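**Student:** here is my input; please provide its structure:
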Amino acid sequence: MTQEECIIMSEEHWYQHQLRVRYAETDQMGVVYHANYLNWFEIGRTELIRELGYPYSSIEAKGLLLPVVEADLKFKKPARYDDLVTIRTKVLEMTSVRLHFAYEIRKVSEDKASESEGNSGELLVTGTTRHVWVNPSWRPVRIEKEAPELWQLLSKYS
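**Tutor:** Reported below is the predicted structural model:
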């Protein structure tokens with residue numbers, strides 16, 4: 001893979017989105033059910049792309065889909081009902097066909113809830129997802145040709 005084909009994102013560019021754990025997201029043990037972290041990863045990446053000025057609805061209107069082809073999660077500590085958590089998301093790597101995201105879920109103390117920078121908060125979960133750009137027929141597409149403006153936005157996020 002050449003430098004033009006692969007863009008590796010900077011370590012500093014984390015997008016952050018806060019949410020409060022809802023009761024429905026917990027299990028009988030009172031902790032967030034493990035599959036809900038994947039939902040939170042989705043929130044992180046869709047909000048990151050929205051923040052760049054390109055909501056998922058615009059991507060889908062162009063006939064582009066971004067299915068998850070691989071997911072990895074590492075659980076360090078549980079989140080519990082009513083915890084305030086920050087979903088940290090960044091693009092690790094991208095090519096014209098693939099996109100690789102990294103995530104951190106951190107518990108935020110109430111007195112630091114307004115902090116929007118840095119990696120404050122207790123680390124609960126880390127993870128990654130890998131995606132492939134496809135058309136409605138599930139055939140791979142080259143994003144720089146199908147949506148050059150989106151390619152540019154993602155490229156600048158380094």
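**Student:** give the contact list for Leu124.
**Tutor:** Phe75, Lys76, Lys77, Pro78, Ala79, Val85, Ile105, Arg106, Lys107 (CB atoms under 8 Å, 6 or more residues apart in numbering). For the C-beta atoms, the positions are set from N, CA and C on the backbone; glycine is no exception.
**Student:** tell me which element the spatially most central residue of the chain is part of?
**Tutor:** For the chain, the residue nearest the mean C-alpha position is Arg45 (3.0 Å; CA atoms, centre = their mean). Here Arg45, judged by DSSP states H and E, is contained in helix 36-51.
**Student:** who are the packing partners of that helix?
**Tutor:** strand 15-20, helix 56-61, strand 68-75, strand 84-94, strand 98-108, strand 122-132 (3 or more CB pairs under 8 Å, 6 or more residues apart in numbering; DSSP states H and E).
**Student:** again, 10 Å this time
**Tutor:** Judged by 3 or more CB pairs under 10 Å, 6 or more residues apart in numbering; DSSP states H and E, helix 36-51 is in contact with strand 15-20, helix 56-61, strand 68-75, strand 84-94, strand 98-108, strand 122-132, helix 148-156.
**Student:** most remote residue from this structure's center?
**Tutor:** The chain, farthest from centre, CA atoms, centre = their mean: Gln28 at 27.1 Å.
**Student:** surely that residue is within a helix?
**Tutor:** No - checked against DSSP: H, G, I helix; E, B strand; the rest coil, Gln28 lies outside a helix; its state is coil.
**Student:** what's near enough to touch Thr126?
**Tutor:** Tyr37, Asp72, Leu73, Lys74, Phe75, Lys76, Arg88, Ala102, Tyr103, Glu104, Ile105, Arg106 (CB atoms under 10 Å, 6 or more residues apart in numbering).
**Student:** looking at this structure, which helix or strand is least sure?
**Tutor:** strand 7-8 (a mean of 38; mean pLDDT, DSSP states H and E).
**Student:** chain neighbours aside, what residue packs nearest to Asp27?
**Tutor:** What sits nearest to Asp27 in space, not counting adjacent residues and going by CB to CB, 6 or more residues apart in numbering, is Tyr33, at 4.5 Å.
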